[in-house]
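**Q** dropping the sequence and predicted coords here.
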Amino acid sequence: MIPIEGQPVLTAAEMRAAEEAVIATGVSVDTLMDRAGTRIAHAVRRLAGANAILILCGPGNNGGDGYVAARVLADLGATVRVAALSEPRTDAAKAARAGWCGPVETLADARPAPVLVDALFGTGLTRPLDVAAAQLRVLADAAGLSIAIDLPSGLATDTGTALSTPPVFDLTLALGAVKPAHLLQPAARYCGTIRLLDIGVPVTSQAAVLAPPVLAAPGPDCHKYTRGMVAVVAGGMPGAAELAAHAAMRAGAGYVTLLGDTTGAPHALVRAPLTDAALANDRIGAVVIGPGLGRDDRARARLDAALAAGHPLVIDGDALRLLDPERIAALGLPVILTPHAGEFDALFGGSDADKITRARDAAVRADAVVVFKGADTVVAAPDGRVRIAHGASDWLSTAGTGDVLAGAIAAMMAARLDPFAAACAGVWLHGNAARRSGPAFIADDLADALRSARASA
């Protein structure tokens with residue numbers, strides 16, 4: 001079982017194409033199913049111990065994987081039962097069913113077991129389940145350990161939509177590659193811990209799960225400017241800019257200046273009036289504009305000044321509602337945009353497309369790196385690269401955490417990471433800091449926790 005950080009993310013069609021490429025080399029579908037079922041069986045055996053196992057099999061190849069897993073588990077000495085939704089419909093699934101020598105119960109009549117394995121439906125589901133969804137929840141609730149094969153049954157692979165409401169599984173075993181539904185909400189909340197099983201199908205993708213960055217510590221020849229200078233423009237609500245500035249310092253920037261009429265601690269934060277001369281400092285490696293900026297004429301003037309200064313930009317908050325994608329693209333500068341869902345819709349328009357597609361399209365349109373924030377943050381570059389964060393703390397749903405993210409990303413950009421790498425590193429640090437902060441933290445706590453998050457990178 002492989003942790004998913006850094007692993008490629010494939011849609012259902014991309015995974016089918018990868019499997020077909022292997023089949024074209026002479027490997028049969030039956031062989032692939034046997035590999036998958038065997039990997040599943042060994043993983044389940046390791047987790048189940050001496051507990052009895054119930055495997056639920058659907059009519060397709062996911063169900064076929066379940067029949068193979070049942071056979072192998074029985075060979076390994078496990079106590080295993082099988083319940084089926086219906087008879088197998090694919091040739092490979094029929095062959096796998098024939099290889100299982102035990103009885104097959106009906107799903108409706110299946111009794112609970114300490115360990116439940118859901119192999120009803122994997123990728124490619126396009127319609128809600130009917131009564132099967134209710135029975136699946138009953139059996140999962142009664143189990144001490146619930147495991148989904150590839151995806152919990154009832155989820156749309158590519159969009160993260162819950163077509164039916166599955167139980168929340170303890171573990172999902174992704175077959176061959178991580179899928180969007182493992183990471184996108186609301187589907188991700190049902191997957192529990194996700195681990196990848198290698199089934200011998202080579203996969204590549206421009207999309208991947210966000211991985212920890214490799215960030216160098218300062219060397220003996222470093223000074224405040226080589227570590228990166230960040231300028232944060234304050235606006236009508238200066239507290240938001242303060243949070244961004246504090247976050248930039250805690251994330252590792254060597255020099256942070258807050259431009260505007262502000263006072264207060266810490267003394268390490270350099271406070272100065274917002275002037276053209278202050279913005280013209282050629283040592284500035286990144287400018288943060290938008291947190292608490294406001295949307296009045298004064299805010300527009302500050303935004304215009306920040307854009308005209310010619311420095312790499314992290315654009316957040318109110319500034320996203322004062323711009324359009326065409327103006328951003330015309331800047332010809334390294335730009336990172338950090339919208340939440342409402343800001344994204346205001347800047348790029350609404351859409352029924354999945355979050356990964358929307359983020360990719362937005363990055364192309366604005367010619368900028370887009371950090372589409374949320375419980376399933378997606379980072380997209382104009383060249384098509386995508387990274388999806390997973391496991392975000394629900395406690396991030398508090399005011400100011402987006403300002404902290406903007407500051408962390410700016411610190412990475414000022415340290416001369418390219419915009420995509422800077423955005424990914426900032427998102428990872430932000431998520432790690434949240435996990436370290438425990439429950440009921442506030443944005444100030446989150447900014448402080450960036451220090452320990454940075455130490456772990």
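**A** Received, thanks. Residues are numbered from 1 along each chain as shown.
**Q** please make it C-alpha for all contacts and neighbour counts, starting now.
**A** Will do.
**Q** can you read off the pLDDT for the closest residue to residue 200 other than its chain neighbours?
**A** Residue nearest to residue 200 in three dimensions, not counting chain neighbours: residue 176, with 7.3 Å by C-alpha to C-alpha, 6 or more residues apart in numbering. Here, the pLDDT recorded for residue 176 equals 97.
**Q** show me where this protein has its helices.
**A** 12-23, 29-48, 61-75, 91-99, 131-142, 238-250, 276-279, 297-308, 325-330, 341-348, 355-366, 401-414, 419-437, 443-456 (DSSP state H).
**Q** from residue 355, how far off is the nearest residue to residue 374 once chain neighbours are set aside?
**A** Distances taken as C-alpha to C-alpha, 6+ apart place residue 340 nearest to residue 374, at 6.3 Å, with adjacent residues excluded. Counting by C-alpha to C-alpha, to the nearest Å, the gap between residue 340 and residue 355 amounts to 12 Å.
**Q** which of the two has more neighbours?
**A** When residue 340 and residue 355 are compared for neighbours, residue 355 comes out ahead with 22 against 17, by other C-alpha atoms under 10 Å.
**Q** domains of the chain?
**A** Annotated domains of the chain cover 12-205, 229-456 [automatic domain parsing].
**Q** out of those, nearest to residue 1?
**A** Shortest distance between residue 1 and those, using C-alpha to C-alpha, is found for domain 12-205: 5.5 Å.
**Q** so for the spatially closest residue to residue 373 that is not a sequence neighbour, what's the pLDDT?
**A** Distances taken as C-alpha to C-alpha, 6+ apart place residue 340 nearest to residue 373, at 4.7 Å, with adjacent residues excluded. On pLDDT, residue 340 comes in at 97.
**Q** what sits against residue 340?
**A** Residue 340 sits next to 372-374 when contact means C-alpha atoms under 8 Å, 6 or more residues apart in numbering.
**Q** if you set the cut-off to 10 Å instead, what comes out?
**A** Residue 340 makes contact with 316-317, 320, 371-374, 377, 402, according to C-alpha atoms under 10 Å, 6 or more residues apart in numbering.
**Q** need phi/psi at it.
**A** Backbone torsions for residue 340, taken as degrees, to the nearest 10, come to phi -80, psi -180.
**Q** against residue 161, how distant is it?
**A** For residue 340, the distance to residue 161 equals 19 Å [C-alpha to C-alpha].
**Q** okay, and the helix or strand of this protein with the least pLDDT?
**A** In the chain, no helix or strand scores lower on mean pLDDT, DSSP states H and E than helix 131-142, which sits at a mean of 91.
**Q** re earlier: what are the phi and psi values at the residue nearest to residue 200?
**A** phi 80, psi -40.
**Q** gap between the residue nearest to residue 373 and residue 359?
**A** Taken as C-alpha to C-alpha, the span from residue 340 to residue 359 is 11 Å.
**Q** who's in contact with the nearest residue to residue 178 once chain neighbours are set aside?
**A** Leaving aside its chain neighbours, residue 178 sits nearest to residue 9 (4.8 Å; criterion: C-alpha to C-alpha, 6+ apart). Counting by C-alpha under 10 Å, 6+ apart, residue 9 touches 15, 176-183, 203-209, 386-388.
**Q** among the residues you listed, which ones are in strands?
**A** If you go by DSSP state E, those have 207-209, 386-388 in strands.
**Q** any chance of a markdown table for those residues, columns pLDDT?
**A** Listed next are the ones in strands among the contacts of residue 9 as a markdown table, based on pLDDT from 0 to 100:
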| residue | pLDDT |
| --- | --- |
| 207 | 98 |
| 208 | 98 |
| 209 | 98 |
| 386 | 98 |
| 387 | 98 |
| 388 | 98 |
